[in-house]
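In: The sequence and its predicted three-dimensional model are supplied below.
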Amino acid sequence: MPDTELLFLQPDHIQTLQQRYERAMAVHGYDSLLISSGAAPMRYGDDQSWHFQGYGPFLHWTGLTGQEHSWLLIRPGQTPLLWLYQPVDFWHANPELPDEPWQQVMEVRFIQQREAPRMERAGKLAVIGDPAMLAHVPGDHNPEPLLADLDETRVHKTPYEIACLARANEIAVRGHQAAREAFLGGGSEFEISLAYQRATRQREAEAPYHSIIGLNEHAGTLHYQYYDTEAPATARSLLIDAGVRFRGYCSDITRTTSAGGEGRFAALIQGLEQLQRRLCEMVAPGVDYVAIHRKTHEGIAALLNAAGVVSGLDDEALVEQGVTRAFFPHGIGHFLGIQVHDVAGKREPAPADAPFLRLTRTLEPGMVVTIEPGLYIIPSLLDSVLDGPLGRHVNRSVLDELRGCGGIRIEDNVVVTADGARNLTREAGG
């Protein structure tokens, strides 16, 4: 979608939010709602702050990730009023505000003070944001029933939001392609990270989350957080989980690549790829997301048997006796939007057999989810299987061969449509 078309979707998005927020405010009896953008806290014992990305509801309305100490006022039947902090400052540059169509449906004012602007005739006022920013602001701070309903306004994405998520996928896919090339060219984790950043033209600090870039056994740590600056003597595998933030909206994509000569591991990647595509095809209105998670375990069991990792137990027994959870310990995915793990995913607690699942809802049109099955060789999880009565069913020589490759994860970003799904990652060539 061209930028001009995307930009002209944003005013409709804002008007939709106005309607959704007015309904929530009416239910809870509020006349006005003030949203803080937030600000980066200072590091303890230091004069430097953490990197700032902004409070979710503020980004939901504006997409302005770099605007600290700013405020947005919502009132029923009135134009949203946005105060942007723009001090006279020779130490730092103020974020530039491009002339875009959304400013026709929102009143923008510039302020030089960090405090919330004074408001007259606000009526019963709710104020939401980081509590550290709200200390001297009148009104009800972060009322939980209202916050729950405001989280719900983010569940069903508008056309503008989906367009932003699609663009975030397009940019991230370029990064993943560059990362793969860097890996196959012998790059270290650090060099692969640089290749990803060059291709996406986004600094690591601006990304929606710290990229997970693991070579060999590091791929078996689900949220591996370090980048070795030296390449391993023999590179066997790469797992990269990395996204892009576009106008506040996040992509979240994972790919796994094997080096040449890793036939067994490459076959496992191919098998998980086929399973992942089938799981993506399950996404549709009326589908219980927990059912997709459980179908994943059935697929992991079949893959373990087919690859000779286990033997002597059928697929059903592998799931029922918890063997698949040792290889696939996390949930199948989550909501995606302004936050990587977007809000309102768990109306009900996660079931006992899926304690880490972040989304337990029935899928509806407009929801955006990730589908990310994995298969890992994690000693701390597998040792309990190997040392127990089920250990005799595990082919230890195959497992030892795979240990140095760490693990596999494949992740796409999928929109629930009226009659099925739209895979934003595959559309982008990922």
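Out: In hand now; what should we look at? Numbers count the residues shown, from 1 in each chain.
In: in the longest helix seen in the chain, what's buried?
Out: Taking DSSP state H as the criterion, the chain has its longest helix at helix 159-184. Neighbour counts over helix 159-184 (16 or more other C-beta atoms under 10 Å) mark 160-180, 182-183 as buried. For the C-beta atoms, the positions are set from N, CA and C on the backbone; glycine is no exception.
In: swap in stretch 406-420?
Out: 406-416.
In: per-residue confidence for Ala199?
Out: Note for Ala199: predicted pLDDT of 98.
In: orientation of the helix or strand where it lies relative to helix 159-184 in degrees?
Out: Taking DSSP states H and E as the criterion, the element that holds Ala199 is helix 189-200. Taking axes from the mean of the first three to the mean of the last three C-alpha atoms, to 10 degrees, one finds that helix 189-200 is oriented at 140 degrees with respect to helix 159-184.
In: Domain boundaries for the protein, per the record?
Out: 3-152, 159-427 (automatic domain parsing).
In: So which of the ones you listed has the densest surroundings on average?
Out: Of those, the one with the most neighbours on average (mean count of other C-beta atoms under 10 Å) is domain 159-427, at a mean of 19.
In: ends of that domain, how far apart?
Out: 16 Å (C-alpha to C-alpha, to the nearest Å).
In: go on, stretch 83-94?
Out: Stretch 83-94 end-to-end distance (C-alpha to C-alpha) = 14 Å.
In: Could you do stretch 38-49 as well?
Out: From its first residue to its last, stretch 38-49 covers 13 Å (C-alpha to C-alpha).
In: Report the mean confidence score over that stretch.
Out: Stretch 38-49 shows a mean pLDDT of 91.
In: got the contact list for that stretch?
Out: Identification of contacts with stretch 38-49 by C-beta atoms under 8 Å, 6 or more residues apart in numbering yields 50-52, 54-55, 58, 68-69, 114, 129-130, 132-133.
In: same question, stretch 78-92
Out: By C-beta under 8 Å, 6+ apart, stretch 78-92 touches 14, 18, 37, 61-62, 64, 67-75, 94, 97, 105-114, 117.
In: can you tell me which of these are in strands?
Out: Those of the contacts of stretch 78-92 mapping onto strands are 71-74, 107-111, per DSSP state E.
In: Need the residues you listed in a markdown table (columns: distance to Ala26 and pLDDT).
Out: Converted to a markdown table, these look like this (distance: C-beta to C-beta, whole Å; pLDDT from 0 to 100):
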| residue | distance to Ala26 | pLDDT |
| --- | --- | --- |
| Trp71 | 22 | 98 |
| Leu72 | 19 | 98 |
| Leu73 | 17 | 98 |
| Ile74 | 12 | 97 |
| Glu107 | 22 | 97 |
| Val108 | 26 | 96 |
| Arg109 | 26 | 95 |
| Phe110 | 31 | 94 |
| Ile111 | 29 | 94 |
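In: from those, which two are the most distant?
Out: The span of those, defined through C-beta to C-beta, is set by Ile74 and Phe110 at 19.1 Å.
In: List the contacts of Met393.
Out: In this structure residue 393 is His, not Met. For His393, the residues meeting the contact criterion (C-beta under 8 Å, 6+ apart) are 310-313, 323.
In: can you tell me how far Ile292 sits from Cys405?
Out: 26 Å (C-beta to C-beta, to the nearest Å).
In: Please state the backbone phi and psi of Val105?
Out: The phi and psi values for Val105, taken as degrees, to the nearest 10, are phi -120, psi 10.
In: Alpha carbons of the one helix or strand in the chain whose mean pLDDT sits lowest, as PDB, please.
Out: Of all helical and strand segments in the chain, the minimum by mean pLDDT, DSSP states H and E falls on helix 3-7, at a mean of 89. Extracted in PDB, the C-alpha atoms of helix 3-7 (Å, rounded to 0.1, in the frame of the first residue of the first chain):
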ATOM      1  CA  ASP A   3       2.300   5.800   1.900                       C
ATOM      2  CA  THR A   4      -0.400   8.300   0.800                       C
ATOM      3  CA  GLU A   5      -3.100   5.700   0.900                       C
ATOM      4  CA  LEU A   6      -2.000   4.500   4.300                       C
ATOM      5  CA  LEU A   7      -1.900   8.000   5.700                       C
END
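In: tell me the helices in the stretch 201-350 of the chain, going along the chain?
Out: Secondary structure of the stretch 201-350 of the chain (DSSP state H, counting those that start in this stretch): helices located at 263-282, 289-306, 315-320, 323-327.
In: Now render those helices as CSV, adding distance to Ala350 and mean pLDDT.
Out: Below are those laid out as CSV (distance: least, C-beta to C-beta, whole Å; pLDDT from 0 to 100):
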stretch, distance to Ala350, mean pLDDT
helix 263-282, 18, 97
helix 289-306, 8, 97
helix 315-320, 17, 95
helix 323-327, 13, 96
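In: can you list these in CSV and add distance to Phe8?
Out: Output for the helices of the stretch 201-350 of the chain, formatted as CSV (distance: least, C-beta to C-beta, whole Å):
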stretch, distance to Phe8
helix 263-282, 30
helix 289-306, 33
helix 315-320, 49
helix 323-327, 47
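In: contacting residues around stretch 143-155?
Out: Contacts of stretch 143-155 (C-beta under 8 Å, 6+ apart): 17, 20-21, 24-25, 27-28, 30, 33, 56-57, 60, 126, 128, 335, 337-338, 342-344, 364, 366-367.
In: Likewise for stretch 116-133?
Out: Residues outside stretch 116-133 that contact it (C-beta under 8 Å, 6+ apart) are 25, 28-39, 41, 55, 57-58, 69, 71, 73, 75, 83, 109, 111, 134, 136-143, 146-147, 150.
In: Please list the members of these that lie in strands.
Out: In strands, defined here by DSSP E, the members of these are 32-36, 71, 73, 83, 109, 111, 140-141.
In: can you redo those residues as JSON lines with distance to Ile253?
Out: JSON lines is the format used below for the ones in strands among the contacts of stretch 116-133 (distance: C-beta to C-beta, whole Å):
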{"residue": "Ser32", "distance to Ile253": "39"}
{"residue": "Leu33", "distance to Ile253": "34"}
{"residue": "Leu34", "distance to Ile253": "35"}
{"residue": "Ile35", "distance to Ile253": "30"}
{"residue": "Ser36", "distance to Ile253": "31"}
{"residue": "Trp71", "distance to Ile253": "34"}
{"residue": "Leu73", "distance to Ile253": "36"}
{"residue": "Trp83", "distance to Ile253": "35"}
{"residue": "Arg109", "distance to Ile253": "38"}
{"residue": "Ile111", "distance to Ile253": "38"}
{"residue": "Asp140", "distance to Ile253": "39"}
{"residue": "His141", "distance to Ile253": "37"}
